[in-house]
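Asks: generate coordinates for the sequence data below:
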Amino acid sequence: MARKRDATLAASPRDEVVRLALECDLTALAAKGLDVIARAEEERVPFVELARRLLLTEVDARRQRSVARRLKRARL
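Replies: Next up is the predicted model:
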């Protein structure tokens, strides 16, 4: 157990965000989150706005996948 924890501590915070997003099955956040974070840093947005942007990234991707699945089922 200690080795796994040591490896986690050695990871950069950005890598940790991606790892945690994947662990929580937040695939869009894992894929696009670092870009969202980089833009937020450049714009110096407050933490709450960053959290909102990250969550919106995931929600938007899930909505798009849901629509795509429904269209596929409807054979449109």
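
Asks: could you use CA atoms for every contact and neighbour count after this?
Replies: Fine.

Asks: so what does R44 have for phi and psi?
Replies: phi 50, psi 50 (degrees, to the nearest 10).

Asks: scratch that, E16 is what I was asking about
Replies: Dihedral angles (degrees, to the nearest 10) for E16: phi -70, psi -40.

Asks: for L34, what are its contacts?
Replies: The neighbourhood of L34, defined by Cα atoms under 8 Å, 6 or more residues apart in numbering, consists of R14, V18.

Asks: no no, R53
Replies: R53 neighbours (Cα under 8 Å, 6+ apart): V36.

Asks: which helix or strand contains it?
Replies: helix 47-74 (DSSP states H and E).

Asks: pLDDT (mean, whole number) over that helix?
Replies: Mean pLDDT, computed over helix 47-74, is 95.

Asks: got the buried residues for it?
Replies: Judged by neighbour count (16 or more other Cα atoms under 10 Å), helix 47-74 contains these buried residues: L50, R53, L54, T57, E58.
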